[in-house]
Every structure is written in structure tokens, then in C-alpha cells.
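In: The sequence isn't on hand, but the structure is:
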């Protein structure tokens, strides 16, 4: 199948130039409108869903409700024998105040821009593959549903229940996260993840006159962070990363508040209880020694994704199809996680890296290989036509 590379490039650049950071509700609404306009070409039914606000710890260490952007749903032929769920996300990791805001050509073969690869390029691949599939002769044997959420980059906290519910109505899922590398390698098994916030409360005092009366929250947090960091390497497959930290109001004040945000990756469900137990033990010790209060907030939101049964069969089918197209693909484990983890936990076989090829995602050097737009669209189109003819 031939795909128009120029049109796809223009679409990706247009979408990438709309800032859609996870907490930029106005930007997500703008992108939602643009996506709705594009997907309407498929002559499908559609809906814009409002998600509930999520809990976030603010700079005062207080859990507050934060609003999110809309979630999109498109569908066609929900009574067909084979039902396929296609999933993507519209949010990126780039807030409005970051300089990296516009997509541009680096050269004739590469585009650099926010979300060009993760995953506005993937959304373009999804749309073009469906558009081509709707012209195929066996399309009536397949019903499809598209879900595009606004909160994947922050763990799909609000959209996860809806993803799990819709998973019940489908036989398999295709997700359009970017490939692992420029060669198009797929992500196989994935780690699980948890996101936590540590809130340390001490006692403020004048740093000169009443230093002895203060309880330094930053120093307490520093001990806590170092203790948590030393857990790395103690259990195979478990990593703990302190990714954000803040605290203090002035240099001449003993700080009464300090906050750190923690990302934990797990290889098994049992790792969750181990990590919690270890962190709680460190908290107890620091609290005792420093006479401060420490709260641990957050949760493990995604379970590890394993490759077995129908999920492995789906990977093997994609490998067979890619080989027939002259671009054989393989897969390898990933420390990253995505909505493929959520759908796997819900029991739905899925392959989650059918998006574009590129690299340096989540950085101000994120890039997309232009040629992968058409090759990956053709891969998904060929997969859909194969499933419509032979089933799964």
C-alpha cells in the first residue's frame, strides 16, 4: 500500500506544534479538536470523554485535585466478528514554559520536535493505517475502536479504568508508542511502575538566632533520598529514581518542608511489597533520628507486562508480516512502561510499539525518521488486512 509521506509529515508537524503537555488542558483541548477533525475522515462514530481530576501533591505538600484534558473515542463496526482496540496518547512531557515547542526539519530525513515520535507520529501512523484499511475488501470482518488519552505520560491515572473496561470488548489491541530504536525494534516484556511523593515536615527557625530550635526538612529528605538510592542493586530488576526535589523558602531559614518525587520500576508484582517495605523502614529510621514527620503518597499504577500466550502469538505474527514486507522485526525487553501494561493486566493481548522510529524521546532533541511514517503505516495496514482475512 502506498502512503503519502508529505501529507503525513505536514500532519505530524501541525500536531507537534500544539503544546499538549500532560497538565496543559487548553493545549490538549486544541489537539483534541484537531484529532477529531482528522479522524472524522474515517466516517466513524466518535465521542469526547471527560476524565475525573487526579490527585497531585502541590509545592506545599498538600494533595490537591488537578484537571486533565479530554479523552477521545472513535469506533466502527462494533458488531463485527473480530474486534480490535487501537490506543494512543496525545499528551507529551513538555510543559508550556519549556523552550522546546516547535517541530522542524533537521535534514531531509529527520524531523526534530516535541512529541514528533512520542507519540504524534504514532497517532498519524494509526490514522493512515485505518484510512487505508477502510478501503480493503475484508474490512467488514473487523470492528475497531480508537482510544486516545491525555494522561499516559503521567501514568494514565484517570484513563486506566476506562481502558480496562473497553479491553473487555476486544480480542486484541494495537498501541502506537515509538519503536525502541531506528531499526524499528519492538518492546517485548515491560517493567511495571509506581510513582510516589515523599513529603518531609520539620520545624522552621531563624538560621542564626534560633538554629537549635529548627528541624531541617531538607537535611532529613537528603538522608531519606540517599537511603532510597542505596536500594538500587539490592533486588534484580528493581530501580528507584528520585526525579524531582524541592524545599526551603530562604537561605536564612531552617526549612520546615521538603518534597521529593520518586519513580520505581519493577520486574514482578512481588517487587512492589519489597520496595514499599524497604522505603517504609528508611522513613521510620530517619523520622526517629531527625524528629521530623515523613508522609509517603502514591501508588504502583502499572503491573509488569509479560510475553506469553496470545500476546506472544501476536508478536510472532507481526514478525512474520514484517519479514514478508522485507523489514524483519525483533523485540527486546524494556524498562519503560505504557498503556500496553494496563491492557495486559486487563487480559487483552497487545503489541504496543507500532509507532514511528526515532530517538531521544522526552528530551529537547527528540527526533523522528521521516521514512518510518510510511513504513510503519504499511506494517499496521498489512496486519489489519491479514487479521481481517485470517482472524486471530
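Out: In hand now; what should we look at? Computed from a prediction, not measured in an experiment: that's the story for all the values here. Residues are numbered from 1 along each chain as shown.

In: the domain parsing of this protein - what is it?
Out: 5-191+304-390, 192-302 (automatic domain parsing).

In: how far out from the middle of the chain is the shortest one?
Out: Read it as domain 192-302. The chain centre lies 25 Å from the centre of domain 192-302; the measure is CA atoms, centre = their mean, to the nearest Å.

In: Endpoints of that domain, how far apart?
Out: 5 Å (CA to CA, to the nearest Å).

In: Same check on stretch 150-169?
Out: Start-to-end, stretch 150-169 (CA to CA) is 22 Å.

In: Check stretch 60-70 too.
Out: Note: stretch 60-70 ends 27 Å apart using CA to CA.

In: How about residues contacting that stretch?
Out: With CB atoms under 8 Å, 6 or more residues apart in numbering as the test, stretch 60-70 has contacts from 20, 22-25, 27-29, 32, 48-51, 53-58, 90-91, 150-151, 158, 199, 201, 257, 259, 295, 297. For the C-beta atoms, the positions are set from N, CA and C on the backbone; glycine is no exception.

In: if we can go back for a sec, let me know which of the domains of the chain is tucked in deepest.
Out: Ranked by mean neighbour count, these are led by domain 5-191+304-390 with a mean of 19 (mean count of other CB atoms under 10 Å).

In: next one: that one to chain centre, how far?
Out: Distance, centroid of domain 5-191+304-390 to centroid of chain: 9 Å (CA atoms, centre = their mean).

In: now the domains of the chain in CSV, with mean pLDDT?
Out: Shown next, in CSV, are these (pLDDT from 0 to 100):
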stretch, mean pLDDT
domain 5-191+304-390, 97
domain 192-302, 97
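
In: re the thing from before, the contacts of stretch 60-70 in helices, which ones?
Out: Among the contacts of stretch 60-70, the members found in helices (DSSP state H) are 25, 27, 28, 29, 32.

In: give me every residue that touches the second one.
Out: With CB under 8 Å, 6+ apart as the criterion, the residues that contact residue 27 are 18, 19, 20, 21, 69, 96.

In: between those residues, which is closest to residue 312?
Out: If you rank the contacts of residue 27 by distance to residue 312 using CB to CB, residue 20 comes first, at 33.4 Å.

In: was I right about that closest one contacting residue 119?
Out: No - counting by CB atoms under 8 Å, residue 20 does not reach residue 119; the two are 10.7 Å apart.

In: Surely residue 173 is in a helix?
Out: No - read with DSSP: H, G, I helix; E, B strand; the rest coil, residue 173 is strand and lies in no helix.

In: How about the contacts made by the nearest residue to it once chain neighbours are set aside?
Out: With CB to CB, 6 or more residues apart in numbering as the criterion, residue 173 has its nearest non-adjacent residue at 3.7 Å, and that residue is residue 350. Taking CB under 8 Å, 6+ apart, we find residue 350 in contact with 85, 87, 172, 173, 174, 175, 311, 314, 340, 343, 344.

In: which one of the residues you listed is nearest residue 205?
Out: Nearest to residue 205 out of those is residue 340 (CB to CB; 49.7 Å).

In: which other helices and strands contact the helix or strand harbouring that closest one?
Out: Under the criterion of DSSP states H and E, residue 340 resides in helix 339-345. On a contact count with 3 or more CB pairs under 8 Å, 6 or more residues apart in numbering; DSSP states H and E, helix 339-345 meets strand 82-89, helix 160-167, strand 172-175, strand 186-190, strand 293-302, strand 350-351.

In: looking at those, which is closest to residue 240?
Out: With CB to CB as the criterion, residue 240 lies closest to strand 293-302 of the helices and strands packed on helix 339-345, at 12.4 Å.

In: got the contact list for the helix or strand following that closest one?
Out: Note on strand 293-302: by DSSP H and E, the next helix or strand toward the C-terminus is helix 309-324. The contact list for helix 309-324, computed with CB under 8 Å, 6+ apart, reads 172, 184, 186, 188, 305, 307, 328-331, 344, 349-351, 354, 379, 382-383, 386, 392.

In: Go again with 7 Å.
Out: Identification of contacts with helix 309-324 by CB atoms under 7 Å, 6 or more residues apart in numbering yields 172, 186, 188, 307, 328-329, 331, 344, 349-351, 379, 382-383, 386.

In: Quick one: residues contacting residue 333.
Out: Residue 333 touches 188, 189, counting by CB under 7 Å, 6+ apart.

In: For it, which three-state class applies?
Out: Following three-state DSSP, the label given to residue 333 is strand.

In: mind checking how far it is from residue 131?
Out: To residue 131, residue 333 is 33 Å away according to CB to CB, to the nearest Å.

In: where do the helices sit along the stretch 1-150 of the chain?
Out: According to DSSP state H, counting those that start in this stretch, the stretch 1-150 of the chain carries its helices in the segments 5-16, 25-39, 121-133.

In: Turn these into CSV, columns for distance to residue 219.
Out: As requested, the helices of the stretch 1-150 of the chain are exported to CSV (distance: least, CB to CB, whole Å):
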stretch, distance to residue 219
helix 5-16, 43
helix 25-39, 37
helix 121-133, 44
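
In: quick one: which of those is nearest residue 223?
Out: Across the helices of the stretch 1-150 of the chain, residue 223 has its closest neighbour in helix 25-39 (37.4 Å, CB to CB).
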